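# Could you look at this predicted model? Sequence included:
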Amino acid sequence: MRKYIDLKNKITSSNYLLGKVFILLLSALIFVLIYKNSFHSFNFYSALAVLFLISAVGYKAFNYINAGFQSGSLIDRLEFPLLLTLLFEVVIEIFGYDLFPLSYAMVPVLIFFFGLAGGGLAFFVIAFLRLTQPEGEGLAVQMSLLIFSTAVFGYLLQRGKVRFNNYGIHRSKGREVILPGLMSGHSDQEKNEEPLSVKELKEDIGGSLKILDQLVPNHSIVLYMKMDDGLYAIADFLSESEDNVDRGQRLNFRTGYLGWVLKTKTQVSITSIKNVRKNLIYYTKYLPVKSLLATPLYIQKEEDSNEAAQDIFGMLVIDSLERDAFGEKEKLIVSLISDRIIELIERFQLSEKVNLSSQELSSFYDFTQKLNATSDVDIILDHINDTLLKLFDADLVAVSVTDGEEGYSCLRRVSGGIQEHLEGKEIPHLNTLIGLVCESGKHFHFEDLSTREKYKQVFGKEIDFALGMNNIKSILIYPFYETYPDVENQEQNVLGCVVIGRKTKYPFNDGEIGLAKIICHESAKSMTASLNFQKVKELAIKDGLTGIYNHRHFQEMLSHSIAHAERYSDHASLLLIDMDDLKMINDTYGHRMGDAALSAIGNLLTESLRKVDIPARYGGDEFAVVLPRTNKAGSIAVAQKIRDRIERISLKSDGEEIELSVSIGIATYPESGTDKETLVEKADRALYESKNQGKNKLTHYEDISLEELGS
């Protein structure tokens, strides 16, 4: 095994020991000089001692300003109050003990900053020096007051500090909500003093750390949170050396591995720990830790994607006594748990910032729970629409779903009762605010929509007129993206937008925009999972040859379309399409060309229809198309377009062109029938008439004469 000398660590350790020896000798010297009343009259030696003492106090003060009053080991934390007490005693001796009453306040203040250990040390130094001096007038009274002030005011200040620090999470007006306290419950704070939301957040974060503890072998897991003074405190931890974790520290990480994490804003993995005292600062004693993995916690600002827009508010640290303990799998798990903690904190910050009522907060949490319980996109859209109506002061709420490739969106949900008949309408991206948001990926909000000269249309002229958008003043449009939680820097597609409008000039504030962001983010995660599930599900409802829906799914969707038309007093039409001369093509050119012809017709139907229309393979050479919200005239126009395009299909076999044509029968709800069976029967009867008239014909059932019906 290769042996080497770590000269840097050796020098650092030597300097550390020399510093301790210097402080000890200096303190002993000053103590003796005070005891002998050497500062009544200055000489060279006493002046030199005071100069060293002031330098030491200044050096310690500088270190504590950078690292926090509770950083380092117990010895480190006792040095500063000892030096301050000795300096105070020197000043008192110089002024002839006239300043001694200041001791009544000094000791409680030291207890506040340095805890009972630091304040107690100061008390015993002051008491010893007073009691060993020649008795003077009022000594008993002075000592009684010193004991009283130390006990009473010291306790009150310390208690107030615990309450302040351990409140865990508080709201900061005009700033981001910061989490400064110890959320693990290690403090003495009474549980019933915490708001319910704080308790739930602590439990959720603690549960996330327990999951990490189960998934990744470790010695300790430490969660740091940034406090409002810029220092970092241990918010929660799990450790096999629990008694050695410095729970009360307040630090400013400028150097070491943890400082590097905050500086680079990236995950840092260390496989060989050097300078343990400096880098594993959360321990009060040396532990043989070999591996370290630290991940920053930050919220990415939407306005910009660069590093400056990353607001770091914490750090998750995990270590192990084993060398090379954290591989790629462990890094990914830690990243996922970190993302989960960030989501929990974002959600809490949001509820605090917008000051949600208990009922609204309940609606918000109910929304997230319902999202996790479904894989149905329609149910997810219902949740989005309902939650936005409950949480926002709005006159209009709408949800659109985007098809980026085609350059338009589809209006899927809209509030306002009778306006629901607009659901399913196409929204062009050109010259609309929906298109602007979808293409830019940035949210849009405006105080008075009527004053805009460009991009005044939200959904397009037709839908805007139907929704009365000319009455809408303030508006917020927020996109939601396809999410990939297990892939970093994955390009995200816009899935859709939520639109929130007000009839009065009441602009959306940062809290409301943040609330929309969280709702869209949570919805996008569920929709992404749902869409992936839907892709698998569609394999079971698609016809393998033509790529369109199979007969079973056609039956389900026809029933759904009729029910929707009945509910909103609307129309729905059915096309039954029969391919002409398929048997002849099979006999002449072979079944392979017959299959190619069927596949070509299936592709044409997919390309020719709206997204809301449902093409299906009805049987061997028959197709069916369900046309929601389509009357007789509209269905005939669609049938003519399909027939004309099929005529133009270019299909060749050995250089010989094969002509394709279809016969089409049409029926419309409610004129032709009011239930599924009747509608299919009437469309089939119309198809029969088309076949009787020859190839390449279309017939609507309502156009069949009574004589023809009787034949």
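Perfect, thanks for sending it. Residues are numbered from 1 along each chain as shown.
# Under the pLDDT cut-off, which ranges of the stretch 301-450 of the chain? List them.
301-311, 349-373, 375, 403-406, 416-421 (pLDDT under 70).
# Repeat the analysis, applying 90 as the threshold.
Applying pLDDT under 90 to the stretch 301-450 of the chain picks out residues 301-315, 321-432, 435, 438-443, 445-450.
# Phi first, then psi, for residue 319.
phi -130, psi 170 (degrees, to the nearest 10).
# Could I get the contacting residues of it?
Residue 319 makes contact with 218-220, 280, 289, 291-293, according to Cβ atoms under 8 Å, 6 or more residues apart in numbering. All C-beta spots, glycine's among them, are computed from the backbone N, C-alpha and C.
# Most neighbours of all those residues, which one?
residue 293 (26 neighbours; other Cβ atoms under 10 Å).
# and that residue, that's in a helix?
No - assessed with DSSP: H, G, I helix; E, B strand; the rest coil, residue 293 is strand; it does not lie in a helix.
# Look up how far residue 282 lies from it.
14 Å (Cβ to Cβ, to the nearest Å).
# and if you look at residue 564?
Residue 564 is 60 Å from residue 282, by Cβ to Cβ.
# Also residue 257?
For residue 257, the distance to residue 282 - Cβ to Cβ - is 12 Å.
# for residue 332, same thing?
In terms of Cβ to Cβ, residue 332 sits 24 Å off from residue 282.
# same check, this time on residue 652
Residue 652 is 75 Å from residue 282, by Cβ to Cβ.
# The two: which has the busier surroundings?
Comparing residue 652 with residue 282 by other Cβ under 10 Å, the one with more neighbours is residue 282, at 22 against 11.
# domain assignment for this protein?
7-166, 191-353, 358-533, 542-710 (automatic domain parsing).
# Go through these and find the least confident stretch.
When these are compared on average pLDDT, domain 7-166 comes out lowest at a mean of 70.
# coming back round to it: pick out whichever of the contacts of residue 319 sits closest to residue 463.
residue 293 (51.5 Å; Cβ to Cβ).
# quick one: that closest one and residue 266 touch, right?
No - counting by Cβ atoms under 8 Å, residue 293 stays clear of residue 266, with 11.9 Å between them.
# Tell me how far the residue most central in space within the chain lies from residue 297.
Centroid check for the chain by Cα atoms, centre = their mean gives residue 343 as the closest residue, at 3.8 Å. Residue 343 sits 11 Å away from residue 297, going by Cβ to Cβ.
# cool, residue 339 as well?
Residue 339 is 9 Å from residue 297, by Cβ to Cβ.
# more crowded one of those two?
residue 297 (20 against 14).
# Identify the residues contacting the host helix or strand of that one?
In this structure, residue 297 sits in strand 291-300 according to DSSP states H and E. The contact list for strand 291-300 (Cβ under 8 Å, 6+ apart) reads 257-258, 261-262, 265-271, 273, 279-280, 309-320, 322-326, 330-331, 334-335, 338, 341-342, 345-346.
# Just the buried residues of stretch 589-597, please?
589, 593-594, 596-597 (16 or more other Cβ atoms under 10 Å).
# Can you show me the strands along the stretch 101-250 of the chain?
220-226, 232-239, 250-251 (DSSP state E, counting those that start in this stretch).
# to the chain's geometric centre, what's the distance from the last one?
This points to strand 250-251. How far strand 250-251 lies from its chain's middle: 27 Å, per Cα atoms, centre = their mean, to the nearest Å.
# ditto for the longest one
Once both centres are worked out by Cα atoms, centre = their mean, strand 232-239 turns out to sit 22 Å from its chain's centre.
# helices or strands up against that strand?
For strand 232-239, the elements it packs on are helix 196-215, strand 220-226, strand 250-251, strand 310-320, judged by 3 or more Cβ pairs under 8 Å, 6 or more residues apart in numbering; DSSP states H and E.
# how about a cut-off of 6 Å?
Applying 3 or more Cβ pairs under 6 Å, 6 or more residues apart in numbering; DSSP states H and E, we find strand 232-239 packed against helix 196-215, strand 220-226.
# how many neighbours does residue 314 have?
Neighbour tally, residue 314, other Cβ under 10 Å: 22.
# Leaving out the residues flanking it, which one is nearest to it?
If you skip the residues right next to it in sequence, residue 314 has residue 297 as its closest partner in space, 3.8 Å away by Cβ to Cβ, 6 or more residues apart in numbering.
# Over to residue 204?
That would be residue 344: by Cβ to Cβ, 6+ apart, it lies 5.0 Å from residue 204.
# so how far is residue 205 from the one you found?
Counting by Cβ to Cβ, the gap from residue 344 to residue 205 is 6 Å.
# Not counting the host helix or strand of residue 86 itself, show me its contacts.
Here residue 86 sits within helix 74-94, counting by DSSP H and E. Identification of contacts with helix 74-94 by Cβ atoms under 6 Å, 6 or more residues apart in numbering yields 23, 27, 30, 34, 39, 53, 56-57, 60, 99-100, 110, 114, 118, 121-122, 125.
# repeat that with 7 Å
Residues from elsewhere that reach helix 74-94 (Cβ atoms under 7 Å, 6 or more residues apart in numbering): 23, 27, 30-31, 34, 37, 39-40, 50, 53-54, 56-57, 60, 64, 70, 99-100, 106, 110, 114, 117-119, 121-122, 125-126, 129, 284.
# which among these end up buried?
Looks like the contacts of helix 74-94 have 23, 27, 30-31, 34, 39, 50, 53, 56-57, 60, 64, 70, 100, 106, 110, 114, 118-119, 121-122, 125-126, 129, 284 buried, using 16+ other Cβ under 10 Å.
# Mind checking which of the residues you listed land in helices?
Applying DSSP state H to these, the entries found in helices are 23, 27, 30-31, 34, 50, 53, 56-57, 60, 64, 106, 110, 114, 118-119, 121-122, 125-126, 129.
# dump the residue contacts of the nearest residue to residue 145 once chain neighbours are set aside.
Nearest residue to residue 145, sequence neighbours excluded (Cβ to Cβ, 6+ apart): residue 104, at 5.7 Å. Residues near residue 104 by Cβ under 7 Å, 6+ apart: 145-146, 149.
# again, only using 8 Å
145-146, 149, 153.
# Kindly report the same for residue 381.
Residues in contact with residue 381 (Cβ under 8 Å, 6+ apart) are 399, 401, 412-413.
# So which of those wins on neighbours?
Ranking the contacts of residue 381 using other Cβ under 10 Å puts residue 399 first, with 25 neighbours.
# wait, isn't that residue in contact with residue 498?
Yes - using Cβ under 8 Å, residue 399 makes contact with residue 498 at a distance of 5.5 Å.
# Please enumerate the shared neighbours of the two.
Going by Cβ under 8 Å, 6+ apart, residues that sit against residue 399 and also against residue 498 are residue 384.
# residues shared between the contacts of residue 293 and residue 282?
Counting by Cβ under 8 Å, 6+ apart, the residues touching both residue 293 and residue 282 are residue 317.
# Please tell me how far the residue nearest to residue 287 when sequence neighbours are not counted sits from residue 113.
In space, residue 287 comes closest to residue 241 once its chain neighbours are excluded; the distance is 6.1 Å by Cβ to Cβ, 6+ apart. The gap separating residue 241 from residue 113 is 27 Å, by Cβ to Cβ.
# which residues touch the nearest residue to residue 474 once chain neighbours are set aside?
Leaving aside its sequence neighbours, residue 474 sits nearest to residue 502 (Cβ to Cβ, 6+ apart; 4.4 Å). If you count contacts by Cβ under 8 Å, 6+ apart, residue 502 has them with 393-396, 472-475.
# quick one: which of the residues you listed is nearest residue 614?
Once Cβ to Cβ is applied, the member of those that ends up nearest residue 614 is residue 396, at 29.1 Å.
# Name the SS class of the closest residue to the closest one other than its chain neighbours, please.
Nearest residue to residue 396, sequence neighbours excluded (Cβ to Cβ, 6+ apart): residue 501, at 3.8 Å. Three-state assignment for residue 501 (three-state DSSP): strand.
# Look up the residues forming beta bridges with residue 501.
residue 396, residue 475 (DSSP bridges).
# separation between it and residue 440?
Applying Cβ to Cβ to residue 501 and residue 440 gives a distance of 19 Å.
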